[in-house]
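A.B. asks: Okay, here's the prediction I keep looking at, along with the sequence it came from:
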Amino acid sequence: MTNILSIALLGILALCSGCIKNTMPHPDKLTYPPLIYNPPLPERIELSNGMTVFLLPDHHLPRIEVTALIRTGSAYDPADRAGLAVVTGTLLRTGGTKTISPETFDAQIDACGAHIDVAVNAEDTVATLWTLSEDFNTIFPLFAAMLMEPAFDSAKLSLAKNNLSQSLRQIPDAPQQFASREFKKILYANNPRGNLPTIASVQRITHSDIKNFHSLYFNPCNIYLGISGDFSKENILATLHNTFSVWRKSSLRIPALPTPLSPRETELYQVQKDLPQTTIIAGHLAPAKSDADYCAFQILDYIIGSGGFSSRLMSQIRTARGLAYSVGSFYRASIDYGVFAMYCSTKSSSTYEALELLRSVISTIANNPPTEEEITQAKDALINNFIFSCESPQQILMQHMMIAFDNLPSDFYSTMPQRLQAVTQNDIQRVAHKWLKPDAMTILILGNAHKFDTPPPSLSNIPVQFISSDILSE
Amino acid sequence: MKNKYLLVIAFLYGALPWSALCFSLDNMVCQYTLDNGFTLLVVKRNEAPVVSFSLCYRAGAVDESSGSTGTAHLLEHMLFKGTPTIGTRNYAAEEPLIKQIFEVGTALDTLTQQGNQQDDEQKKLLQQQLNSLQEEHNRLIIDNEIDALYSRNGAEGFNASTGFDVTTYVVSLPANRLELWARIESERFSHPVFRQYFTERNVVLEELRQSYESRPERLLLMHLLAVAFLAHPYGRPIIGWPSDIQYLSPYTCEAFFRAHYTPDKAVAAIVGDLDPDSVYHIVRKYFGSICRGSGNVQSVTAEPEQNGERRVTVEAHAQPLLIIAYHKPTLLDPDDTIFDVIDVLLTDGRSSRLYKKLVIDMRLASSVTTVNGFPGARYSNLFLIKIVPEHCVPYPTIETAVYEELSRLAKGEISSKELATAKKKLHADLVRRMESNAELANLLSYYQSIAGDWRYLEKNLERIQRITPADIQAVAKRYFRPSNRTVATLSERTNDD
């Protein structure tokens, strides 16, 4: 270190010759050495009870991470028990196991500086464990017991329900989160994905609901387990066999969720709240992950609004007009459907101006199709950024687990750059024409309608449906 | 810059775990200093061919003067607008236009601020003139070209955050793009061009509505700071007071840039799959010729000692929220390290003291968190306890329970097992944070800027290992006093509003 420092100090002879204006060539003129990266491949193992395991050793840091990906989630809540999956997830973590009390469970995790968490999404649930490798043998049995034989302590059940209710009460205090919840509610009307928890639905959840939910979905055939970090394969395999051999497979098949449906014409919903700024979300269904248009739509979405400052939404609404700080679009695809939506937060008096701009970005795309320059920018960005989706062992494992979960071709992610590259300008135009529906959108506006601007003629004939959120219903 | 949360940076940099137990940073970090004072820290890691950059300037909202709050933050926005060679179709044509836009916009601001009705005609004329100048200027601009350049080269997490103490510019790139970073950053931090200034100022006003005025929790924190700090600039919002932002002048931003964005105040931390010496050569090539600063240090008003409890209430249509804050010294004071341990003892994990008591056992709260070092660390700051009450539980009940727990610390009721758990947690959490190149780069650039030496991380961990129950008792006694306390609460807005 000392040597490096002294060389540095002696070696610097650059003179500070006044702050003259820069005349360097444009950064696009820079050239770069080739970058080759073949991410390590995890090993896939099938345990005798049907559990699929992926292993990826990595010895850079003295830690081990375990991820259990389970096919269950909020979309599997019974119609009158919205919140059941979330409460089950919380109680797995906090309710102790058949042999370990909740207090001991918490104390052991904390004493090792480890983390065990359960995150419940709409269509999957992810339980994670992070521990220093030296404590793996202490912590992993807790994690496994939590999945296999949770106790669902009754006192912790009422605590979990109260805490969830309180966090529901807080959602309206965070406008973007609130708008996003209400948007889901209307986008997924009449679909299990739109069955969102309310204070009333959470209070109905019983101990036996939780036990049934757990026994239905938490079995070895329904779990993909990924382990990365500082371990040896032999030891980990022995641990896995010893730990999970008592957990017997079940033959239950999980029914597929119905695919959401789109409205035939634009539906405009408004939630009244006294706020200085309006949040708008406008969107519709989009290609599924398995759809041939998946890659082309990613590029289209990038150009419209997910490409940060390069996107049309950002440049027209924020950069040129200063109407918003947050504006953009997102595209999320699961195996059987996708969702595309645009969002913007703007002051009350520019609500309709901003909404009209959002809509016009997709309604004018036929006349103003993505240029070769925009497409190249989007492709380069997505392809060159691809490396960051497999930067860590944990990410690599997750990609492989998702391939198994979604039953996708094994090279689904690794060939993504080539498939993005192959998309043509014609593909983009075709996909824009086929999938963008400026006249059949679901639109949610959250804000203070008394201070909105007047809707432009193009929007004035769309009836506004005033709705009030059911989140606080008791 | 994009969806950034201004105060979050202070939260993230709260507790500072490091361990002498399993790492020696000295073996990992290569440090270089250029002639002009620019500091470079490089860590080679070869998990994947990527690299993270964190460029930290020791300049932030504390360095602003009264009447121009929000300058550091608006300047951060302007530093995304390009340079003489990036973001332009014809810079020579742009230069005089920008000058005129500044003049007309500033004249319009002056008249608007004066608010005399007889000036209305003149204001209208100036607005028209400004609009047409901006239109003409927009034709010469390539919008957001810095962002576009980084994006098409695969950038991840290109962003910036303005804090009270420092302003940090971050991005991660494929490892072969080092020179792109050096090329762009060296030019934007020596020759920025403030394009679309007045439009961007409106974007910041939208950010204010989004991040503060629509968020009761942020509003409450803003009021808490204003009450806890009577004199020190930590009492002002980083984003600025609304009336200041509305009229912030481009000349103020320029002056702030010239005074504070100098190489001697800059630290770049670069972590990833790169050879440290070749990084140094590239960085020297691009940053070496930037002029060093004047070295002038601006004096900042010190906060006088608090002599009595302060309370502030913010009315909002929102769920209740309680924040309790105690004044405490800067990062470099030995007591700060003890607060790092107290932070963990109180709220880190389900078995931590306040969490267990308030959330699990007594069911008074649905969450409780603490922050050591809010809203900054360069100057005396606050230890914060934030509580979301359980439904219908009154504030006084919660306060009583919190104060009981704090007085247990002051009585020295700390078991050696509990203390060992806290120390282990601080060690483990650091290993966890080390997994990310970006996070390590941020830690290094931050501590080099704030503590003057990245080795603070290791030294602090060594100090943590030596902390005894008696140390904690002494600090709890010294600082957790009612007269050193500020309490902020959200209350339901009354109907007469």
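C.D. replies: Thanks, I have the structure now.
A.B. asks: Domain boundaries for the chain, per the record?
C.D. replies: Here I'm looking at chain A. A:43-244, A:267-466 (automatic domain parsing).
A.B. asks: That was the other one, I meant chain B.
C.D. replies: Using automatic domain parsing, chain B is parsed into the domains B:8-287, B:310-492.
A.B. asks: Export those as CSV, with columns for distance to chain A, mean pLDDT and mean neighbour count.
C.D. replies: Any C-beta I mention is one placed from the backbone N, CA and C, and that applies to glycine too. Supplementary listing: the domains of chain B in CSV, determined by distance: least, Cβ to the nearest Cβ, whole Å; pLDDT from 0 to 100; neighbours: other Cβ atoms under 10 Å in any protein chain shown:
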stretch, distance to chain A, mean pLDDT, mean neighbour count
domain B:8-287, 3, 93, 20
domain B:310-492, 3, 96, 20
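A.B. asks: so which of those gets nearest residue A:82?
C.D. replies: domain B:310-492 (18.9 Å; Cβ to Cβ).
A.B. asks: Quick check: end-to-end length of the closest one?
C.D. replies: 20 Å (Cα to Cα, to the nearest Å).
A.B. asks: Let me see the ranges of the strands in the stretch 1-150 of chain A.
C.D. replies: Secondary structure of the stretch 1-150 of chain A, counting by DSSP state E, counting those that start in this stretch: strands at A:43-46, A:52-57, A:63-70, A:115-120, A:125-132.
A.B. asks: To residue A:284, which of those lies closest?
C.D. replies: Set against residue A:284 and scored by Cβ to Cβ, the strands of the stretch 1-150 of chain A come closest in strand A:115-120, at 25.7 Å.
A.B. asks: Okay, now the unreliable bits of chain A?
C.D. replies: Under the criterion pLDDT under 70, the flagged ranges of chain A are A:1-23.
A.B. asks: Just give me the longest helix of it.
C.D. replies: The longest helix of chain A (DSSP state H) is helix A:154-170.
A.B. asks: Now the residue sitting nearest the centre point of chain B, what are its backbone angles?
C.D. replies: When Cα atoms, centre = their mean is applied to chain B, the residue found nearest the centroid is residue B:163 (2.5 Å). Phi and psi for residue B:163, reported as degrees, to the nearest 10, are phi -110, psi -180.
A.B. asks: so it touches residue B:61, yeah?
C.D. replies: Yes: counting by Cβ atoms under 8 Å, residue B:61 is a contact partner of residue B:163 at 7.1 Å.
A.B. asks: what sits in contact with each of these two?
C.D. replies: Common contact partners of residue B:163 and residue B:61 (Cβ atoms under 8 Å, 6 or more residues apart in numbering or on different chains): residue B:238.
A.B. asks: what's the spacing between residue B:125 and residue B:104?
C.D. replies: 10 Å (Cβ to Cβ, to the nearest Å).
A.B. asks: Repeat that for residue A:470.
C.D. replies: For residue A:470, the distance to residue B:104 - Cβ to Cβ - is 51 Å.
A.B. asks: OK, contacts around the closest residue to residue B:456 other than its chain neighbours?
C.D. replies: Nearest residue to residue B:456, sequence neighbours excluded (Cβ to Cβ, 6 or more residues apart in numbering or on different chains): residue B:447, at 4.6 Å. For residue B:447, the contact set (Cβ under 8 Å, 6+ apart) comprises B:16, B:453-454, B:456-457.
A.B. asks: From the residues you listed, which land in helices?
C.D. replies: B:456-457.
A.B. asks: residues contacting the spatially most central residue of chain A?
C.D. replies: Nearest residue to the geometric centre of chain A (Cα atoms, centre = their mean): residue A:332, 7.9 Å. Residue A:332 sits next to A:338-339 when contact means Cβ under 8 Å, 6+ apart.
A.B. asks: For it, what are phi and psi?
C.D. replies: Here is the backbone geometry of residue A:332 (degrees, to the nearest 10): phi -120, psi 130.
A.B. asks: Can you name the residues bridging to it?
C.D. replies: residue A:339 (DSSP bridges).
A.B. asks: which helices and strands does whatever helix or strand residue B:344 lives in pack with?
C.D. replies: Using DSSP states H and E, residue B:344 sits within helix B:334-347. For helix B:334-347, the packing partners by 3 or more Cβ pairs under 8 Å, 6 or more residues apart in numbering or on different chains; DSSP states H and E come out as strand B:322-328, helix B:353-354, strand B:365-374, strand B:381-389, helix B:395-410, helix B:416-433, helix B:456-466, helix B:469-479.
A.B. asks: Any chance you could list what contacts it?
C.D. replies: Contacts for helix B:334-347 (Cβ under 8 Å, 6+ apart): B:14-17, B:328-330, B:352-355, B:368-373, B:377, B:383, B:385, B:405, B:409, B:414, B:418-419, B:422-423, B:425-426, B:460, B:463-464, B:467, B:471-472, B:475-476, B:478-479.
A.B. asks: swap in stretch B:124-139?
C.D. replies: A:320, B:89, B:94, B:97-98, B:100-101, B:104-105, B:107-108, B:111, B:195-196, B:198-199.
A.B. asks: Same question for stretch A:166-186.
C.D. replies: With Cβ under 8 Å, 6+ apart as the test, stretch A:166-186 has contacts from A:193-194, A:196-199, A:202, A:267, A:269, A:271, A:273, A:275, A:277, A:279-281, A:283, A:326, A:341, A:343, A:345, A:442, A:444, A:446, A:467, A:469-472, B:210, B:214-217, B:318-319, B:366, B:388, B:390-391.
A.B. asks: Just the buried ones from these, in ChimeraX syntax?
C.D. replies: The buried residues among the contacts of stretch A:166-186 can be selected in ChimeraX (16 or more other Cβ atoms under 10 Å in any protein chain shown) with this line:
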select /A:193,194,196,197,198,199,202,267,269,271,273,275,277,279,280,281,283,326,341,343,345,442,444,446,469,471 /B:210,214,215,216,217,318,319,366,388,390
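A.B. asks: So which of the contacts of stretch A:166-186 are in helices?
C.D. replies: Cross-referencing those against helices under DSSP H gives A:199, A:202, B:216-217.
A.B. asks: can you state the direction angle for the helix holding residue B:344 and helix B:416-433?
C.D. replies: 100 degrees (axes from the mean of the first three to the mean of the last three Cα atoms, to 10 degrees).
A.B. asks: Tell me the gap between helix B:334-347 and the middle of its chain.
C.D. replies: Centre-to-centre, helix B:334-347 and its host chain are 20 Å apart (Cα atoms, centre = their mean, to the nearest Å).
A.B. asks: ok, now stretch A:195-206?
C.D. replies: With Cα atoms, centre = their mean, you get 23 Å for stretch A:195-206.
A.B. asks: Ok, stretch A:370-378 next?
C.D. replies: 26 Å.
A.B. asks: if we look at it, which residues are touching it?
C.D. replies: A:299-300, A:302-303, A:307, A:310, A:423, A:425, A:428-429, A:432, B:148, B:151-152.
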